[in-house]
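[1] Quick one, fold the following:
(one chain, ligands or ions: 1)
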Amino acid sequence: MKKHNFSAGPCILPEEVLQKASEAVVNFNNDDLSLIEISHRSKPFVDVMENARALVLELLGLENKGYSVLFLQGGASSQFLMTAYNLLNKKAAYLNTGTWSTKAIKEAKLFGDLVEVASSKDKNFTYIPKGYEIPNDADYFHCTSNNTIFGTQMKDFPETNVPLVCDMSSDIFSRQMDFSKFDLIYAGAQKNMGPAGTTVVVIKEDILGKVDRTIPSMLNYQTHLGKDSMFNTPPVFPVYVSMLTLEWLKNLGGIEFIEKVNEKKATLLYNEIDRNPLFQGVVEVEDRSIMNATFTLTDEALKDTFDAMRKEARINGLNGHRSVGGYRASMYNALPLYSVQALVDVMQELERKA
Ligand code: PMP
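    The predicted model follows:
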């Protein structure tokens, strides 16, 4: 039986997706060839790419609204610089909510003036700043919807006439939102979508073409859009597995369905963190992420016992990020409710033993 997988990323994927993906590696579409040994220009793979791109728009409710989808390489980290390269003319506004925002800010500074509209660094990123102002003359506003490391999540997004750019790496496809508020969304596949190796970029095309600089071909969104995300050899396996995961999500009932499951899982765990005197949450309650729950033991002396018990219960990937410590339970779309129950059972068992 599979372990309960709370890994933060790469992370759990649906069993049926893993099964289909492994079959395709050996024999794709019963054509006696592997998915990873056929040409990316062959019809079977072009169909995969087109289907994956269409599913992204369908699931996000962005069909026929001027958006296009790319599957690129270089991780979300490359998007930190690509967004700025393509969009930053003079000045950009950034909200700093953690490690990933900080890295995005560092890259954008290479391309122009940067206004950090607010930061939660003063309290080690344990909350989401609110009530900040976005300069009207900024080329765009960049934020991170879910802070994978610290376990905070933006519940509201600012109303602004400035284009909105969002790193949704760790909560895309997990909750309902008006995605049409955003002009550019990017997300590494390796949380809610597929294996590491591709990054989905959803762009409202009319925000492009407004910077003065020359952009190298591979870093220019227009290059990739002009070639239907096939300018160079795409990461065929990650794109295929992403397509399977998106199909899985669509068949379940889409984001509307999975959001309810995700809320159930998060409520189950946070209720236990709040009830059990041996545990405490790390971040502000109103900003808690439904994807990544961070918590600590109230008595560090129990660490070895708790760690042995969760190992015994076959719980994987619960250690906090090395910069934060404590524990982090990542509850992405494919994590079943019974895995969260297994963790809660161990937390209750510890209370009985202590
Ligand atoms: N942004 C967020 C919110 C992330 O969680 C991560 C990775 N965990 C990244 C960016 C960086 O992604 P990558 O490793 O794909 O470059």
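[2] which helix in the chain runs the most residues?
    Ranked by residue count and defined by DSSP state H, the top helix of the chain is helix 254-275.
[3] Please identify the buried residues of it?
    Applying a neighbour-count criterion of 16 or more other CB atoms under 10 Å, one finds 254-255, 258-259, 261-262, 265-266, 269-270, 272-273 buried in helix 254-275. C-beta coordinates here come from the backbone N, C-alpha and C atoms, glycine included.
[4] any chance of those in JSON lines, plus distance to Ala334 and pLDDT?
    Formatted as JSON lines, the buried residues of helix 254-275 follow (distance: CB to CB, whole Å; pLDDT from 0 to 100):
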{"residue": "Gly254", "distance to Ala334": "15", "pLDDT": "98"}
{"residue": "Ile255", "distance to Ala334": "14", "pLDDT": "98"}
{"residue": "Ile258", "distance to Ala334": "9", "pLDDT": "98"}
{"residue": "Glu259", "distance to Ala334": "14", "pLDDT": "98"}
{"residue": "Val261", "distance to Ala334": "10", "pLDDT": "98"}
{"residue": "Asn262", "distance to Ala334": "11", "pLDDT": "98"}
{"residue": "Lys265", "distance to Ala334": "11", "pLDDT": "98"}
{"residue": "Ala266", "distance to Ala334": "15", "pLDDT": "98"}
{"residue": "Leu269", "distance to Ala334": "16", "pLDDT": "98"}
{"residue": "Tyr270", "distance to Ala334": "20", "pLDDT": "98"}
{"residue": "Glu272", "distance to Ala334": "21", "pLDDT": "98"}
{"residue": "Ile273", "distance to Ala334": "22", "pLDDT": "98"}
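[5] Which strands or helices does the longest helix of the chain pack on?
    In terms of contacts (3 or more CB pairs under 8 Å, 6 or more residues apart in numbering; DSSP states H and E), helix 254-275 is packed against helix 43-60, helix 236-252, strand 279-281, strand 292-297, helix 337-353.
[6] Indicate which one of the ones you listed is closest to the ligand.
    strand 292-297 (8.7 Å; CB to the nearest ligand atom).
[7] So which residues make contact with the closest one?
    8, 146-151, 170, 266, 269-270, 273, 278-283, 303, 306, 320, 324-331 (CB atoms under 8 Å, 6 or more residues apart in numbering).
[8] Give me the ChimeraX select line for those, limited to the buried ones.
    Provided next is the ChimeraX selection string for whichever of the contacts of strand 292-297 are buried by 16+ other CB under 10 Å:
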select :8,146,147,148,149,150,151,170,266,269,270,273,278,279,281,282,283,306,320,324,326,327,328,329,330,331
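[9] What does the residue lying closest to Asn96 once chain neighbours are set aside show for phi and psi?
    Leaving aside its sequence neighbours, Asn96 sits nearest to Ser119 (CB to CB, 6 or more residues apart in numbering; 3.8 Å). When read as degrees, to the nearest 10, the backbone of Ser119 gives phi -150, psi 150.
[10] Would you check that my belief about Leu35 contacting Phe237 is correct?
    Yes. Counting by CB atoms under 8 Å, Leu35 sits close enough to Phe237 to count as a contact (6.6 Å).
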